[in-house]
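Undergrad: Output the structure for:
(one chain, ligands or ions: 1)
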Amino acid sequence: MASIYSSGIIITDNDGNIIDYNSVMKSILSEKEILNTNISSHLKELKNYQVFISKCEKYNIIIIRIEKEMNAFLEYVLDNSYDEIFVTDGKGIVLYCNQAFEKHYGLSKQEVLGKDVQFLEEQGIVDRILVHRVIESKQTITFEQHTATGKTIMNTIKPILDDKDEVIYVVENCRDISKQTQLKRALEQKNQEIKDYETKLKYFNTLDDKDFIEFQSKSMKKLNATIRKLSFRDVNLLLLGESGTGKTYLANKIHDLSLRANKPFVTINCTTIPEKLIESELFGYEKGSFTGASTRGKEGLVQQAHTGTLFLDEIGELPITTQSKLLQLVQEKTYIPIGSVYPKTIDVRIIAATNKNLKKLIKEGKFREDLYYRLALGVIYIPSLRERPEDIIQLIDYYLELFNKKYDMEVQLSKEVLDIFKKHSWPGNIRELEHLLEFLVVDASSPNEIIHKHSLPNNIIKETKKIVNQNNYIFYESIPEYNEATSLNEKINSFEGKIIRYAYDKLQSSYKVADYLQISQSTAHRLINKHCKKERA
Ligand SMILES: Nc1ncnc2c1ncn2[C@@H]1O[C@H](COP(=O)(O)OP(=O)(O)OP(=O)(O)O)[C@@H](O)[C@H]1O
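TA: Numbers count the residues shown, from 1 in each chain. Down below sits the predicted model:
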């Protein structure tokens, strides 16, 4: 092996105190701090070198010719290499590693030298060791390693062959790429988010035809536009509306349109879980936290919604004690499972729904005001079908097509039935309409039947819709007494009763009723006594 020559240089003052030196000297002199030590204290270490001294007026320049110490020099250089250098013999026994090895694997050199390199994998210090594979294949390979210290290492292993083509050494060059890997992952995640966003945008642009029934009413057109806008924003939403108007349906749609679409959508119906169990169902519990608790503990529904959407249906029914825990979840995105003291952090979007008047519940002390305002960052009111009769035909077309397809039928509705449906007040909203159409399709005696009035359920036929429009008061009500009355006087009387009851119900004062119906106050008083007496008694 060729010798390596290099020169160490030391400058001392006339008394032999070292005032400067070059970096080569570091590999020769054992003391860490060489400056200000006296050259006489290093004579032992310099004994084996050729030394040349040149004296100037104030300084001595000492040149040390280094020939034999090539190994120390190389070690010094290799220990300062950013990359790890790792060498085994042809059998995989570790001969050498530099200081970067210690940084990468958290072991000292002494712990690995002389051992079969495979032990690093066997002891779980690194996920895989491919030295023996390289020895067998005699091929250079490059691969990623993951260490127990959490690093990602890019490792290139090269076999060194002798004249007889036998592996005599294996040299590994390993670079810590943890930072790059983290950046790469973060970049991949961002790219995925962008892709999701693009897909959503495409989807969003085709929504009109595909996903929402194109309602005619202004209120629903506005609502659909709001849904599209708010779905993308990660805000909590509160859906209000009568039963059957589509709160659950919309919560699902909002989730599907959001960037959380591929993540879980968990529904919790606050009325269906018994009050005693609601906290443990929602937030889960630690093992053995109460009598009857599973010994393994239980994950709550809230945790199951992690990264996705949590839909709290019938939120108005949530017990007030559970509301404070929910407030913590909504405000801080943390919760504490029953029996634990450690808060868990969670990433969920909350959509709540109710057909109750939450403001009234707040006044009655049954709902927390702070929770209401936290949940109601976006409030969406879904109008009842009664408020938007112009949408009824679209819904009928939609569901008739759906159920005809489902049951392989071609049932149609007669004009007379369509007229009745347009006038019906649909107290059960879309759910009632959907169920009725399914019933009519299933109940049809032939696949092409045209449904007439006599096939409708009694409650629909009986209901009479009347509109009285005066001073902006409109009411659509059924009047059973009117249908039962036989003489003209009885019919007029029933109708009069309906008008008076309606007006008094709304206005709560005989003066206002008189004014509204343009009658004298004494007549209003008499009529209220006559028609509202029973209800008030
Ligand atoms: N925009 C819509 N287009 C088509 N079908 C709808 C629409 N909105 C609601 N529906 C249908 O109406 C029915 C009732 O809807 P949903 O269960 O969402 O009502 P809800 O307001 O949550 O009722 P509740 O308060 O009783 O839970 C469902 O079968 C749903 O598929």
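
Undergrad: C-terminal to the helix or strand hosting Ala251, what's the next element?
TA: For Ala251, the enclosing helix or strand under DSSP states H and E is helix 247-257. Helices and strands here follow DSSP H and E; after helix 247-257, the next one along the chain is strand 265-269.

Undergrad: quick one: strands adjacent to that next one?
TA: When pairs are called by DSSP bridges, strand 265-269 turns out to pair with strand 309-313 (parallel).

Undergrad: Touching the helix or strand immediately after the partner strand in the chain from outside, list them.
TA: Using DSSP H and E, the helix or strand that follows strand 309-313 in sequence is helix 320-332. Residues from elsewhere that reach helix 320-332 (CB atoms under 8 Å, 6 or more residues apart in numbering): 236, 278-279, 282-283, 302, 312, 318, 334-336, 343, 346, 348, 350, 365-368, 370-371, 374-375. (Glycine included, C-beta is placed from N, CA and C.)

Undergrad: Flag every buried residue along helix 320-332.
TA: 322-323, 325-327, 329-330 (16 or more other CB atoms under 10 Å).

Undergrad: tell me the mean pLDDT over it?
TA: Helix 320-332 shows a mean pLDDT of 91 in the predicted model.

Undergrad: Can you give the strand pairings for the next helix or strand after it, parallel or anti for each?
TA: Scanning forward in sequence from helix 320-332 by DSSP H and E, the next helix or strand is strand 334-335. Here strand 334-335 is paired, per DSSP bridges, with strand 344-345 (antiparallel).

Undergrad: Give me the contacts around the strand it pairs with.
TA: With contacts defined as CB under 8 Å, 6+ apart, strand 344-345 is touched by 303, 333-337.

Undergrad: still on that earlier bit, which of the contacts of helix 320-332 are buried?
TA: Buried members of these, scored by 16+ other CB under 10 Å, are 236, 278-279, 282-283, 302, 312, 318, 335-336, 346, 348, 350, 366-368, 371, 374-375.

Undergrad: In this structure, where is pLDDT below threshold?
TA: Applying pLDDT under 70 to the chain flags residues 1-6, 23-24, 27, 30-32, 66-71, 200-212, 288-296, 462-486, 533-537.

Undergrad: can you narrow the contacts of helix 320-332 to ones near the ligand?
TA: Filtering the contacts of helix 320-332 for proximity to the ligand by CB under 6 Å from any ligand atom leaves nothing.

Undergrad: Neighbours of Ser522, how many?
TA: 10 (other CB atoms under 10 Å).

Undergrad: so it, which of the three states?
TA: What DSSP: H, G, I helix; E, B strand; the rest coil gives for Ser522 is helix.

Undergrad: OK, contacts around the residue of the chain found nearest the ligand?
TA: Distance from the ligand to each residue of the chain (CB to the nearest ligand atom) is smallest for Gly246, at 2.5 Å. Shown in contact with Gly246 (CB under 8 Å, 6+ apart): 382, 429-430.

Undergrad: Mind doing that once more with 7 Å?
TA: By CB atoms under 7 Å, 6 or more residues apart in numbering, the contact set of Gly246 is 382, 430.

Undergrad: can you check Phe101 too?
TA: 84, 86, 109.

Undergrad: got those residues as TSV, with secondary structure, distance to Leu29 and neighbour count columns?
TA: Putting these into TSV (DSSP: H, G, I helix; E, B strand; the rest coil; distance: CB to CB, whole Å; neighbours: other CB atoms under 10 Å) gives the following:
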residue	secondary structure	distance to Leu29	neighbour count
Glu84	strand	27	22
Phe86	strand	28	25
Lys109	helix	22	14
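
Undergrad: Quick check: residues of the stretch 151-300 of the chain near the ligand?
TA: Going by CB under 6 Å from any ligand atom, the residues of the stretch 151-300 of the chain near the ligand are 213, 241, 243-249.

Undergrad: Now restrict those residues to buried residues only.
TA: With burial judged by 16+ other CB under 10 Å, the buried subset of those is 241, 244-248.

Undergrad: Looking at the residues you listed, which one is closest to Leu120?
TA: Nearest to Leu120 among these is Thr248, at 55.4 Å by CB to CB.

Undergrad: Which residue, other than its chain neighbours, is closest to that closest one?
TA: Distances taken as CB to CB, 6 or more residues apart in numbering put Asp313 closest to Thr248, at 6.2 Å, once the chain neighbours are dropped.

Undergrad: All the strands of the stretch 1-150 of the chain, in order from the start?
TA: 6-13, 18-21, 50-55, 59-66, 84-89, 94-97, 141-146 (DSSP state E, counting those that start in this stretch).

Undergrad: do you know how far the spatially most central residue of the chain is from Gly378?
TA: By CA atoms, centre = their mean, the mean C-alpha position of the chain lies nearest to Thr307, the distance being 2.1 Å. For Thr307, the distance to Gly378 (CB to CB, to the nearest Å) stands at 20 Å.
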